[in-house]
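Need a 3D model of the following:
(one chain, ligands or ions: 1)
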Amino acid sequence: MNTFDAVIVGGGPGGATLANIFASRGIKVALIERQKDFSKEFRGEALMPSGKEVLDQIGVDLDTENIKYRKIDQLNIFYKGALIGNPDIEFIKEGQFRWASQPQLLEKIIEKTSDFKNFKFFRGFKAEDLIYENDRVSGVRIRNMDEDIFLSGKVVIGFDGRSSMVRRKLDFSIEKFHQPADVLWFKVPYPKKFIPGSQAFFSLFPMSMLVCIPVYDQKLQVGWVIPSGSYGELKQQGKEKWVEFIRKNSPKGFSEHLKACLDNNKISDPFILKMTLDRVKKWNKNGALLLGDAAHTMNAVGGQGLNIALRDAVVCANHLVPLLKTDADTKDLDFAFEKIEKERLNEVRQVQEIQSRPPKFIFINKYLIDLIFPIIKIIFKFRIINRLADKEFDKISKGFDKVKLEV
Ligand SMILES: Cc1cc2nc3c(=O)[nH]c(=O)nc-3n(C[C@H](O)[C@H](O)[C@H](O)COP(=O)(O)OP(=O)(O)OC[C@H]3O[C@@H](n4cnc5c(N)ncnc54)[C@H](O)[C@@H]3O)c2cc1C
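Residues are numbered from 1 along each chain as shown. Reported below is the predicted structural model:
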């Protein structure tokens, strides 16, 4: 048996960051990641100031570490092909909205953590089951192609994302928020002629919307929000047909760009993401703690998931490092789990409340939406409204609560 202070399932941004903090504070930690190659796992890459602050605190500087990212310097909103506004959002104007390569970021965090002898990374191992001692989770069984390994820890942390094994095995009770949408993701070359520089845009049309973000590989990442379950039909129609539908409703310059991309086979294979928004009712059970998407699965709205997971890691470390350095008993650990949940719940709740709004909004009656948009266009002209929106964006970008690494 391999014995550790902490066993973390899931080497996404949250798990890798927590492992880094633990290891650098002398905690003996095991991190398990089922993928050998981080690029095999598609995840959110929107890095807000709230998440960047965490990376700065663990000594990962995107600029000096050569991690690819792209700053977004303008957001435009189109409705049925016409520009209806480009809100003045402070953190975007200041160049604080980055789209950062997750595979590169994760490799860098792992590389830095590997400097510590008390860190062990099980890359390409899938955590398959939990191990118990006196009805309390005391470890995990992991497996790669040819061997089973048993790992034990004083704490087991499930940072294993939306399909969490830890959540499933312990049958956590879940609060689900209905999501009427799926997102079809694909990439095209960045449309320089249509929007020079590094501009993002939302293109809204009845019953649907495009979210288009310039990303670090000189591409534009396009997320097409569609009614949930409708992809099967689109797929049957074929790429030409659905691209034609998007083109018909898009701004002229982008429509022409899409046509050229289609003709030259420059549209990447689409990937469908089921929008999920939920939260476990209690974040710990039988000695195991859930964090990140495993505790509260985020949808893509507002680019929050990555940042919230990073911030969960910091709060968890603040509470557990002092305990794991001593011979804390299970009561102390359970109490710390409760404190972690209490400290994170407010922010997570507020973000999920914001995330539950837009998908519903998109699918309202198309006649109603035709009535609403001219009004929105006028509203954008009022500076006071912009200032109110700025306050909301300020929280989305910097976080709703203060999170600081204190250990
Ligand atoms: C396809 C997709 C697109 C997204 N797009 C956006 C977006 O545009 N904006 C946004 O803000 N958020 C987005 N999100 C959400 C965002 O990616 C997450 O909120 C964020 O990555 C959560 O981080 P995490 O560390 O908690 O979990 P994850 O990043 O999900 O990491 C969990 C890790 O655990 C590993 N794992 C899972 N099960 C096991 C197991 N049994 N054994 C070993 N390893 C395991 C996985 O391989 C994964 O690497 C998206 C998520 C997905 C899935």
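
burial measure for the residue lying closest to A16 once chain neighbours are set aside, as a count.
Once flanking residues are discounted, A16 sits nearest to I109: 4.4 Å by Cβ to Cβ, 6 or more residues apart in numbering. C-beta here means a position set from N, CA and C on the backbone, and glycine is covered the same way. Look at I109: counted by other Cβ atoms under 10 Å, it has 24 neighbours.

is any part of the helix or strand that contains I109 close to the ligand?
Element membership of I109, judged by DSSP states H and E, is helix 102-113. No. Using Cβ under 6 Å from any ligand atom, helix 102-113 never reaches the ligand; the gap is at least 7.5 Å.

Could I get the average pLDDT for that helix?
Average pLDDT, helix 102-113: 98.

what does the stretch 151-300 of the chain have sitting close to the ligand?
159-163, 165, 273, 292-293, 298, 300.

backbone phi and psi for the residue in the stretch 301-407 of the chain positioned nearest to the ligand, please?
The ligand sits closest to G305 of the stretch 301-407 of the chain, with a gap of 2.0 Å, by Cβ to the nearest ligand atom. Backbone dihedrals for G305, given as degrees, to the nearest 10, come out at phi -50, psi -50.

what do you get for A336?
Given degrees, to the nearest 10, the pair of backbone angles that A336 has is phi -60, psi -40.

what does the one 3 residues further on give?
Reported as degrees, to the nearest 10, the phi and psi values for K339 are phi -70, psi -40.

Name the nearest residue to it, sequence neighbours excluded.
Closest to K339 by Cβ to Cβ, 6+ apart is H319, at 5.5 Å.

re earlier: looking at the residues of the stretch 151-300 of the chain next to the ligand, which one is closest to R143?
Taking Cβ to Cβ as the measure, R143 lies nearest M165 of those, at 11.5 Å.

got the contact list for the closest one?
9, 127-129, 158 (Cβ atoms under 8 Å, 6 or more residues apart in numbering).

who's in contact with the next helix-or-strand element following the helix holding I109?
Using DSSP H and E, the helix or strand that follows helix 102-113 in sequence is strand 119-123. Strand 119-123 has contacts (Cβ under 8 Å, 6+ apart) with 2, 4, 11, 19, 22-23, 29-33, 35-36, 110, 113-114, 142, 144, 149, 151.

Buried residues in stretch 264-276, which are they?
For stretch 264-276, a neighbour-count test (16 or more other Cβ atoms under 10 Å) marks 267, 270, 272-273, 275 as buried.

What is the burial count for K192?
12.

ditto for N66
When neighbours are counted by other Cβ under 10 Å, N66 comes out with 9.

what are the ranges of the helices in this structure?
For the chain, the helices defined by DSSP state H occupy 13-24, 49-57, 90-93, 102-113, 165-169, 231-237, 239-249, 252-263, 305-324, 330-355, 358-362, 366-379, 383-398.

Tell me the neighbouring strands of the longest strand belonging to the chain, and mark each as parallel or antiparallel.
As assigned by DSSP state E, the longest strand anywhere in the chain is strand 148-158. Strand 148-158 has the following strand partners under DSSP bridges: strand 2-9 (parallel), strand 136-143 (antiparallel), strand 288-290 (parallel).

how much space between L320 and R25?
To R25, L320 is 10 Å away according to Cβ to Cβ, to the nearest Å.

Between those two, which is the more surrounded one?
With neighbours defined as other Cβ under 10 Å, L320 and R25 compare such that L320 has more, 29 against 17.
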